[in-house]
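Visitor: Take a look and give me a structure for this.
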Amino acid sequence: MTEKEKARQGLLYDANYDATLIKERAYAKGLCHEYNQLHPEKTEERAAILKKLFGKTGETFLIEQPFACDYGYNIEIGENFYANHNCVMLDGAKITFGDNVFIAPNCGFYTAGHPLDALQRNQGLEYAYPITIGNNVWIGGGVTVLPGVTIGDDTVIGAGSVVTKDIPSGVIAMGNPCRVHRKIAETDK
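Guide: Have a look, this model is predicted:
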């Protein structure tokens, strides 16, 4: 089994020394570099690079520069997607965003984690669990989403939150660790 196949199955895999993964990351980082160097007014060229980089995109999306990811092909974004400056997506596993997702500045989506055992960690081993973000989600500034998390539809994640566990649909959640604060109500309209 290849290291890439292990990653897709959520097993420990060698991310640091596997030649194939190193090459794929270098390719993605090259496209990110190219993207980040474009003038902000070159929206068509920027969109073309992201369509080449990502596994799937909607037709309408905008990601402000700078943007960084590991592989790109594990990222899927829906329609009307927006990510503000300094978005980082470590996509050793799939990161899926629904439609109408808005991400504030300085947010990170990290599918990768490392073993607690120092010997395994020092061998360059890691694991990657998918992240899924539903439709109509707003993620506040400085939010960190960790491996294996799902955030339901119509949810707001408060600024500065560290999302370590799944968050249901239709709620406002915040904090470190991120917890449901309350349901979104009619009075919020």
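
Visitor: Counting neighbours, what do you get for Cys107?
Guide: 23 (other C-beta atoms under 10 Å). No exception for glycine: its C-beta is placed from N, CA and C like everyone else's.

Visitor: Which residues are in contact with it?
Guide: Residues in contact with Cys107 (C-beta atoms under 8 Å, 6 or more residues apart in numbering) are 83-84, 86-88, 139, 141-145.

Visitor: how about TSV for the residues you listed, with neighbour count, distance to Lys52 and secondary structure added?
Guide: Formatted as TSV, the contacts of Cys107 follow (neighbours: other C-beta atoms under 10 Å; distance: C-beta to C-beta, whole Å; DSSP: H, G, I helix; E, B strand; the rest coil):
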residue	neighbour count	distance to Lys52	secondary structure
Ala83	23	17	strand
Asn84	17	22	coil
Asn86	17	22	coil
Cys87	22	18	strand
Val88	18	19	strand
Ile139	26	25	strand
Gly141	16	28	coil
Gly142	16	29	coil
Val143	23	27	coil
Thr144	18	27	strand
Val145	27	24	strand
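
Visitor: Helix or strand with the lowest mean pLDDT in this protein?
Guide: helix 118-122 (a mean of 93; mean pLDDT, DSSP states H and E).

Visitor: Beyond that helix, next helix or strand please.
Guide: Heading C-terminal from helix 118-122, the first helix or strand you meet, by DSSP states H and E, is strand 125-128.

Visitor: Does anything pack onto the helix or strand just after that next one? Which helices or strands?
Guide: Counting by DSSP H and E, the next helix or strand C-terminal to strand 125-128 is strand 131-133. Applying 3 or more C-beta pairs under 8 Å, 6 or more residues apart in numbering; DSSP states H and E, one finds that strand 131-133 makes contact with strand 95-97, strand 150-151.

Visitor: Out of the contacts of Cys107, flag the one nearest to Thr155.
Guide: Ile139 (8.9 Å; C-beta to C-beta).

Visitor: and the gap between the closest one and Met1?
Guide: According to C-beta to C-beta, to the nearest Å, Ile139 stands 34 Å off from Met1.
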